[in-house]
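> all I have is the shape, not the residue letters:
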């Protein structure tokens, strides 16, 4: 796989040039909607979509081990994928080495009728099991924005937005649900975490010492859309609580979900808000497994569009990637943030578009390097390209 060097992009406002060492991986023309994650062994797993003739798509994957990227493989191909700029497939690896992937599959001709499908590979991605549906609801409604976390017993915990109640009538609301995919491929223990949430902001989930933590954009009856957290303690899910009371009243979904990372009792959450008519990207840290959070820290440069992803780098420390508006387009920015200290100097990962075709970044931390997967928009339809940039974590 060829290694492409890129020029460091000059910062705005007179800031000196700063950016990634190189582009570690490039997808073919037409690739988009990437997802990137790190395995327990330190490998990288990457998935993306590629267009095919007759309105079909291929869901593809590759793996990087010891800095070498494997030849891409096709997970599935067809014309029933629900392909969306903000709601894209993901992949993870269980403690037993099984790969698990999710995608969204259309179930009716209406625009927003799709289910969450899960498939497993026992041979490193060479073959895949027949997919199963993640949720009990089979109504022709919205089911998506999935987060997956592998567990120590070779199972995978799955969380998603479930619109089953919305198909019953106008009073129904979007909910956050969770379930467990067993090592035998059977989905069990479906649970409602919150019965009324924002309709199309990503769900994120991580594991702290006490158990899983899910974060998402809540939706109150007064249309306050702040970030909520639900913790699992002793195997039981607690009641939702706010990470911070931004009091953002917004009568539509902003399509801008939070990101979370956890290690032991250390937890960090990053999110976008437009509270008070001012767009901000914020980070809040917790030292008690997400039971409480310190005051949030603003990390944007004054004109953020959100689309955040966050990684912990140490106790009370992390790095955030987000989209900042710049001139006629946008830039993927990276910034180091520490509890009780001003954020570090922003670094440009790449120039991009402000439009939906820029998608969302996904990151993975390997040693002292942050790998950032992003979509480089092209000049025309199906001319985009997935890139993975390697950025040394700023000190």
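Yep, it's here. The model shown is predicted, which means the values in this text are computed figures rather than measured ones.
> how long is stretch 335-352 end to end?
Using C-alpha to C-alpha, to the nearest Å, the end-to-end distance of stretch 335-352 comes out at 17 Å.
> ditto for stretch 47-61
For stretch 47-61, the end-to-end distance is 4 Å (C-alpha to C-alpha).
> now do stretch 322-335
OK, stretch 322-335 end separation, C-alpha to C-alpha: 9 Å.
> ditto for stretch 293-310
Start-to-end, stretch 293-310 (C-alpha to C-alpha) is 16 Å.
> which non-adjacent residue is nearest the residue nearest the centre of the chain?
Centroid-nearest residue in the chain: residue 362, 6.0 Å away (criterion: C-alpha atoms, centre = their mean). Leaving out its chain neighbours, the residue that sits closest to residue 362 by C-beta to C-beta, 6 or more residues apart in numbering is residue 36, at 4.3 Å. Where you see a C-beta, it was placed from the backbone N, CA and C, and this is true even at glycine.
> re the thing from before, wait, the residue nearest to the centre of the chain touches residue 310, no?
No: the pair residue 362 / residue 310 is not scored as a contact, 11.0 Å apart, by C-beta atoms under 8 Å.
> so residue 37 is in which element?
Assigned by DSSP states H and E, residue 37 falls within strand 32-38.
> can you list contacts of that strand?
Under the criterion C-beta atoms under 8 Å, 6 or more residues apart in numbering, residues 27, 44-49, 83-85, 88-92, 357, 359, 362-366, 371-375, 384-386, 388 lie in contact with strand 32-38.
> each with direction, which strands does that strand pair with?
Strand 32-38 pairs in its sheet with strand 44-52 (antiparallel), by DSSP bridges.
> hmm, who's touching the strand it pairs with?
25, 27-28, 30-39, 57-64, 75, 77, 81, 83, 88-93, 99, 101, 364, 366, 371, 373, 382, 386, 388.
> now with 6 Å?
27, 30-37, 57-58, 60-64, 83, 89, 91, 364, 382, 386 (C-beta atoms under 6 Å, 6 or more residues apart in numbering).
> kindly report the same for stretch 373-386.
27, 29-32, 34, 36, 48, 51, 332, 353, 357-359, 361-362, 387-388.
> need the distance between the two termini of that stretch.
7 Å.
> name the residues of it that are buried.
Residues of stretch 373-386 classed as buried by neighbour count (16 or more other C-beta atoms under 10 Å): 373-377, 384-386.
> just the ones of those residues in strands?
373-376, 385-386 (DSSP state E).
> just to revisit the earlier point, drop anything exposed from the contacts of stretch 373-386.
In the contacts of stretch 373-386, burial by neighbour count holds for 27, 30-32, 34, 36, 48, 51, 332, 353, 357-359, 361-362, 387-388, counting by 16+ other C-beta under 10 Å.
> which residues in the stretch 51-200 of the chain form strands?
56-65, 68-69, 73-78, 90-93, 99-106, 114-121, 132-133, 143-150, 156-162, 175-181, 187-194 (DSSP state E, counting those that start in this stretch).
> what mean pLDDT does the longest one have?
What strand 56-65 shows for mean pLDDT is 98.
> how about the last one?
Averaged across strand 187-194, the pLDDT comes to 98.
> and whichever helix or strand comes after that strand, how far from the chain's centre?
Once strand 187-194 ends, the next helix or strand along the chain (criterion: DSSP H and E) is strand 204-207. On the basis of C-alpha atoms, centre = their mean, to the nearest Å, strand 204-207 sits 10 Å off its chain's mean C-alpha point.
> ok, back up a step: what would the ones in strands among the buried residues of stretch 373-386 look like in a markdown table with pLDDT and distance to residue 336?
Below are these laid out as a markdown table (pLDDT from 0 to 100; distance: C-beta to C-beta, whole Å):
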| residue | pLDDT | distance to residue 336 |
| --- | --- | --- |
| 373 | 98 | 20 |
| 374 | 97 | 19 |
| 375 | 96 | 24 |
| 376 | 94 | 24 |
| 385 | 96 | 28 |
| 386 | 97 | 25 |
